[in-house]
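1. sequence-free structure coming up:
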């Protein structure tokens, strides 16, 4: 792999977090690798992004793009070993969490930063009642009694609109429907009104009709508590309504960032363009659906140059030798486009061509 | 866990290479061949080859099996030749490798080394024969119960329960007590009679799981008959757990045979058995511990080798634990 | 729940009858004449033999003998041994000893086994894990009678820490070493089983959730991990109590503990049919009850299991 210096590392923020100007969460040049028997898998290779209070960042990518691993690194729930964070910073309210003690990090988990997982059935403990699992948050972080914690649990279940919460508080995860279970996961994440929620494909395992309900609930609660939200997904449809800005990941790097509307209107990276073109559209009925050719790279052997080059319709020799930095994207006349960046040598041609 | 280290990830890249194979030079095709998708069996073998336990147990087993088939390879001393006057409880001569007096002599003046080498045969025969018998019989019962279900399952499962109520050692004792003249085959019979139930249960469970698998439904939809479904589709897939259980149990049978012989209700003269030798040696434990420790070590190593092998095979077959 | 228990109890009846019938048939129909054996090497007087045969009902057809035995059993009558002593009496002496021994062994197995399993499961791949794993393999591989001898020899004869054989079979202190020997094999299994389930559950999604909730490690392991991992262990332990009681033949023999195992072994050696069948019947009941308890425990511990 060719080494590159990313001169334009971070992209200017569209709006400041609080008075001090520090974002709620800022990831700087994060690298994560997994040491496996077959070699070192480079899962995250220099990711930069930030989220402010009340803001929703959508992280988009195929499985294996490193979006979940980044989230796990932020939460501090990576399996280490085999995982390793050789370099990077994760600043929460300006403080690098990677330098904190294990105990300090534990106190942040759940109370300041919470996470919603994809598969609620396997993510909830099967042998403990949901009331117990919800109440545990209050008992551990706030020292509430068992009884008070249970009352709080009922309150939470009401809040995420689970019918007959009082009767169902003693039920076990397998006794709920998929949508209800995901609401319980959301309730658990919301329990201590954290500043930031990371939702890792929160609706992927659900029916389409339920997906919308759960997303709406999540968005509503986020507004209510003015939380930052990192929404990890591979589904472009989910993102459009909810997110403020998008970071597209490929092979452990961010290949494009943009405010959500602009990304849909004018993608500045061939990969993003490919993703958008592969969404089925009614007005193209009868035509062949576009698909990005090839498959995501093997992280043990990421291609030299731009990792996307073997699949890219625009790839040239330069792409096979030199890894592109995240360029600030501008209008044709050079007017800055705040919050936009593209890691493509030919971003100009892609967005304007 | 990271998504990217999954086998799918590495397989898919290879699939790309294979897809464009037409244009590839021969060299690259060869390279692609080296890491083409592996079948479960190949995967298990790859895993086995890496396991030091597998190699240790294989070498040990090979050693004991050769000992059982051709004890003459290891010693020309006669295990039955007794020289009370000259060798009564003589201590071992550790430097006399592979000689009759290597491990000293027992209370009858017989070479402990020769007896221990010749004792391997009975243990190995009992272990292997009981395992084969138990696997065939238990496997058949479990397969019938699991595949056909209904009243046959109820009946066979109850019979299994009934036999489960009597522990192997107890059942063996009661059966063998009835025979005044006992050979290796009597012991095999006694242990098989009370040893098949575990295999039957494992097989039944595995067959029920496989019966509901999609590929079986698919085979049925394609018009495959019962026999074909059972033997071509279900059996090969259900065999994994059975082999693992059987291999580990094999060590247990050898241990039980030795226990029976030690209790005086197992093998008898003229068969040379580690269990009997250990039992005879206990009286002299204080003066001549070697007479007990040598056959006990060989016995334990044999049992260990089979358990290790079973463990290694299970780990290789179970991708979950990797 | 009540219906489940009732159905299971009903299901136990044929199994109980089947097992006792099996042991009955084996004891009485296999070659060898117990009455003649009573006389040892002396030539028996045919008239006396006939009288004794009649007295013990051995002249009746086998199935009728079994029927008589079963009806007697239902009234609490275990019959009479060939020496003339009621079998119930023999068992009254032997069972309290073996129950103590088995409970002691069970306690050792649970405490040490689960603790070692937890330790190795959490430190998977580390040195301590490898050492314990090898130790369990060694214990599993060495037959109990060899372990028994070696313990007896080293502790009893060489270092004189214990009396080589048990003098008072009701003394817990003296039973401690035999109980450890008896527990050794199951202890190794419990360790390995706990290690495996801990290892499996460590990778479960809900463990990731528990950590993401910011729970302290103590709680993650003690509540979330252990609760799930112990379910299979408890089922193993449940049936093992019966196994320990029935499996004490060798251990009791070596350490001369006057319990069920010893009594049973002597009875088998002397073709003491009534005693063998009596003791085995009780052991079968213990086995059946413990497997019922395991099923119930399983459903209590794992809410996903419903009483069907």
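-> Noted; the coordinates are in hand. Here the structure is a predicted model, which means the values were calculated and not measured.

2. could you pull out the helices for the chain?
-> Here I'm looking at chain A. Remark: helices assigned in chain A by DSSP state H are A:67-75, A:102-108, A:120-123, A:130-142, A:146-159, A:165-168, A:178-190, A:208-225, A:236-242, A:260-265, A:270-277, A:317-321, A:347-352.

3. hmm, I had chain C in mind actually
-> Using DSSP H, helices in chain C cover C:2-29, C:34-38, C:46-55, C:62-74, C:87-122, C:127-141, C:144-151, C:172-202, C:205-212, C:217-219, C:226-246, C:249-255, C:260-269, C:273-301.

4. what inclination does the first one have with respect to helix C:62-74?
-> The directions of helix C:2-29 and helix C:62-74 differ by 130 degrees, with axes from the mean of the first three to the mean of the last three C-alpha atoms, to 10 degrees as the criterion.

5. for helix C:2-29, packing partners?
-> Counting contacts by 3 or more C-beta pairs under 8 Å, 6 or more residues apart in numbering or on different chains; DSSP states H and E, helix C:2-29 is packed against helix B:150-164, helix B:168-177, helix C:62-74, helix C:273-301. The way it works is simple: take the backbone N, C-alpha and C, and place the C-beta from them, glycine included.

6. if I pick the residue in the stretch 201-350 of chain A positioned nearest to chain C, what's in contact with it?
-> Closest approach between the stretch 201-350 of chain A and chain C, counting by C-beta to the nearest C-beta: residue A:205, at 11.5 Å. Residues counted as contacts of residue A:205 (C-beta atoms under 8 Å, 6 or more residues apart in numbering or on different chains) are A:118-121, A:178, A:182.

7. could you redo the last one with a cut-off of 10 Å?
-> A:117-123, A:178-179, A:181-182, A:211 (C-beta atoms under 10 Å, 6 or more residues apart in numbering or on different chains).

8. With residue B:200 instead?
-> For residue B:200, the contact set (C-beta under 10 Å, 6+ apart) comprises B:134, B:137-146, B:156-157, B:159-160, B:163-164, B:242.

9. For ChimeraX, write the selection for the buried entries among those residues.
-> Remark: buried members of these, expressed as a ChimeraX selection using 16 or more other C-beta atoms under 10 Å in any protein chain shown:
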select /B:134,137,138,139,141,142,143,144,145,146,156,157,159,160,163,164,242
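
10. thinking again about what came up before, most tightly surrounded among the helices of chain C?
-> Across the helices of chain C, the average number of neighbours (mean count of other C-beta atoms under 10 Å in any protein chain shown) peaks for helix C:249-255, which reaches a mean of 24.

11. Is chain B within reach of that helix?
-> Yes - interface with chain B: helix C:249-255 contributes C:249-250, C:253-254 (C-beta under 10 Å from any C-beta of the partner chain).

12. so how far is that helix from its chain's centroid?
-> Put simply, helix C:249-255 sits 13 Å off its chain's centre (C-alpha atoms, centre = their mean, to the nearest Å).

13. any idea of the mean pLDDT for that helix?
-> Throughout helix C:249-255, pLDDT has a mean value of 88.

14. What of stretch B:74-85?
-> Rounded mean pLDDT across stretch B:74-85 is 77.

15. Then stretch B:94-111?
-> 78.

16. And that stretch, what's buried?
-> In stretch B:94-111, counting by 16+ other C-beta under 10 Å, buried: B:100-111.

17. again, but for stretch B:203-219
-> For stretch B:203-219, burial by neighbour count (16+ other C-beta under 10 Å) applies to B:203-208, B:210-211, B:216, B:219.

18. Next, format those as JSON lines and append secondary structure and pLDDT.
-> JSON lines is the format used below for the buried residues of stretch B:203-219 (DSSP: H, G, I helix; E, B strand; the rest coil; pLDDT from 0 to 100):
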{"residue": "B:203", "secondary structure": "helix", "pLDDT": "91"}
{"residue": "B:204", "secondary structure": "helix", "pLDDT": "91"}
{"residue": "B:205", "secondary structure": "helix", "pLDDT": "89"}
{"residue": "B:206", "secondary structure": "helix", "pLDDT": "88"}
{"residue": "B:207", "secondary structure": "helix", "pLDDT": "89"}
{"residue": "B:208", "secondary structure": "helix", "pLDDT": "87"}
{"residue": "B:210", "secondary structure": "helix", "pLDDT": "84"}
{"residue": "B:211", "secondary structure": "helix", "pLDDT": "83"}
{"residue": "B:216", "secondary structure": "helix", "pLDDT": "83"}
{"residue": "B:219", "secondary structure": "helix", "pLDDT": "84"}
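
19. Distance check, residue C:103 against residue A:32.
-> With the distance defined as C-beta to C-beta, to the nearest Å, residue C:103 ends up 52 Å from residue A:32.

20. How about residue A:155?
-> The gap separating residue A:155 from residue A:32 is 37 Å, by C-beta to C-beta.

21. So for those two, which sits in the more crowded spot?
-> Neighbour tally, residue A:155 and residue A:32, criterion other C-beta atoms under 10 Å in any protein chain shown: the higher count belongs to residue A:32, 25 against 14.

22. Tell me, how many residues neighbour the closest residue in space to that one that isn't next to it in sequence?
-> Closest residue in space to residue A:32, ignoring its immediate chain neighbours: residue A:44 at 3.9 Å, by C-beta to C-beta, 6 or more residues apart in numbering or on different chains. When neighbours are defined as other C-beta under 10 Å, residue A:44 has 30 of them.

23. residues in contact with residue A:44?
-> Taking C-beta under 10 Å, 6+ apart, we find residue A:44 in contact with A:27, A:30-34, A:65-70, A:72-73, A:78, A:83, A:85, A:88, A:249, A:251-254, A:299, B:2.

24. Look up how far residue A:86 lies from it.
-> Going from residue A:44 to residue A:86 by C-beta to C-beta gives 10 Å.

25. Show me how the record splits chain C into domains.
-> According to automatic domain parsing, chain C comprises the domains C:2-74, C:88-301.

26. Kindly reformat those as JSON lines containing distance to residue B:311.
-> Output for the domains of chain C, formatted as JSON lines (distance: least, C-beta to C-beta, whole Å):
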{"stretch": "domain C:2-74", "distance to residue B:311": "32"}
{"stretch": "domain C:88-301", "distance to residue B:311": "8"}
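
27. And those: which comes nearest residue B:291?
-> Nearest to residue B:291 among the domains of chain C is domain C:88-301 (11.6 Å), distances taken as C-beta to C-beta.

28. Just to check, residue C:169 is in contact with residue C:252?
-> Yes - the pair residue C:169 / residue C:252 is scored as a contact, 8.7 Å apart, by C-beta atoms under 10 Å.

29. tell me, what's touching those two both at once?
-> C:94, C:97-98, C:101, C:178, C:258-259, C:262.

30. Could you tell me which residues make contact with residue 22?
-> I went with chain A, as the question did not name one. Residues near residue A:22 by C-beta under 10 Å, 6+ apart: A:16, A:50, A:52, A:91-95.

31. To clarify, I was referring to chain C.
-> Counting by C-beta under 10 Å, 6+ apart, residue C:22 touches B:159, B:162-163, B:165-166, B:171, B:174, B:193-194, C:280, C:284.

32. Among those, find me the one that's closest to chain A.
-> For these, the residue nearest chain A by C-beta to the nearest C-beta is residue B:165; the value is 30.6 Å.
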